[in-house]
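Take this sequence and fold it.
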Amino acid sequence: MKKITKLSLFLIIVAGIFFLGGINVRFLVGNELLTYDEFNFKIGIPPDSENTIFAVLSYSSILIMISYVILFIFSIIFAATYKIDYKKNVWIVMCYIMFFVFSPVEFYSFFIDLKFSLLYLYNQSNLWESGIRDELLTLFGERIGLLKGVPWIAVLCYYTIIFISVFQPLKKTKDELEKQTKKQSENDYKYHLHEDDDLDIIKNEKSNKETT
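Below is the predicted model of the structure:
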């Protein structure tokens, strides 16, 4: 394994830990703003507590965005530099697909996360005086319902990637791959081109046309 590949793998693991950790923190802290019986914001949260919740949501969102960008870049580098037989290691192809297929969703959600974080950081001293608090709650609610919950499906896939990376299902040995190739070749239909036969068919067709 090349040095750049090892470095990419190391950064993927570290960035992945921070990325998933930030998501878990944001999820747990964000629930403090919501009621459990219905999708509504809690009423009567003390201003200091609400300010702390907004702060954690902002900083965790920044951590998530930075970690994901690092994760995305070095995942591409790892995929480009890691030389492996993908026929034998189908599991790693599954990991690539599940990660990159949700990249547009993650980058799209960053617009809301960045807007929320900047709005809080630049107005944290006067959230209630300028009405910024209501805008933050609106953005938070928009983030939860983004794309009808697709980001939550993405999180489940990220944890599935960890499971697949550990247990490596569908991994095939060299002997198993050779048996599969041999079995496939036996079942395939083989067509052999016979030029002489083809020429005879063409001549017969011409003669039939001439006679008619």
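
Let me see the ranges of the strands in the chain.
Using DSSP state E, no strands are found in the chain.

longest helix in it, by residue count?
In the chain, with assignment by DSSP state H, the single longest helix is helix 47-81.

What helices and strands are in contact with that helix?
Here helix 47-81 touches helix 3-30, helix 90-100, helix 103-121, helix 132-144, going by 3 or more C-beta pairs under 8 Å, 6 or more residues apart in numbering; DSSP states H and E. The way it works is simple: take the backbone N, C-alpha and C, and place the C-beta from them, glycine included.

in that helix, what counts as buried?
50-51, 53-54, 56-65, 67-68, 70-72, 74-75, 77-79, 81 (16 or more other C-beta atoms under 10 Å).

and if you look at stretch 111-126?
113, 115, 116, 117, 119, 120, 123.

pLDDT at the nearest residue to the first one once chain neighbours are set aside, what is it?
Nearest residue to residue 113, sequence neighbours excluded (C-beta to C-beta, 6 or more residues apart in numbering): residue 61, at 4.1 Å. If you check residue 61, the pLDDT there is 95.

how close does residue 61 get to residue 118?
Distance from residue 61 to residue 118, counting by C-beta to C-beta, to the nearest Å: 10 Å.

How many neighbouring residues does the residue lying closest to residue 20 once chain neighbours are set aside have?
Distances taken as C-beta to C-beta, 6+ apart put residue 158 closest to residue 20, at 6.3 Å, once the chain neighbours are dropped. Other residues near residue 158 come to 19 when the count uses other C-beta atoms under 10 Å.

wouldn't residue 158 be in contact with residue 22 here?
No: counting by C-beta atoms under 8 Å, residue 158 does not reach residue 22; the two are 12.0 Å apart.

Now render the buried residues of stretch 111-126 as a markdown table, adding distance to residue 141.
What follows is the buried residues of stretch 111-126, written out as a markdown table (distance: C-beta to C-beta, whole Å):
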| residue | distance to residue 141 |
| --- | --- |
| 113 | 14 |
| 115 | 13 |
| 116 | 11 |
| 117 | 16 |
| 119 | 14 |
| 120 | 15 |
| 123 | 18 |
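
quick one: which of those residues is nearest to residue 170?
residue 113 (34.7 Å; C-beta to C-beta).

which residues touch that closest one?
For residue 113, the contacting residues are 61, 62, 64, 65, 143, by C-beta atoms under 8 Å, 6 or more residues apart in numbering.

Return the backbone torsion pair for the closest residue to residue 47 other than its chain neighbours.
In space, not counting the residues next to it along the chain, residue 47 is nearest to residue 128; the distance is 6.4 Å by C-beta to C-beta, 6+ apart. Main-chain dihedrals, residue 128, degrees, to the nearest 10: phi -90, psi -20.

wait, residue 128 sits on residue 45?
No: assessed by C-beta under 8 Å, residue 128 is found out of contact with residue 45, at 11.8 Å.

more crowded one of those two?
residue 45 (14 against 11).

For residue 51, see how far away the more buried one is.
10 Å.

How about residue 121?
12 Å.

how much space between the residue positioned nearest the centre of the chain and residue 156?
Nearest to the geometric centre of the chain sits residue 99, at 2.7 Å (C-alpha atoms, centre = their mean). Separation of residue 99 from residue 156 (C-beta to C-beta): 13 Å.
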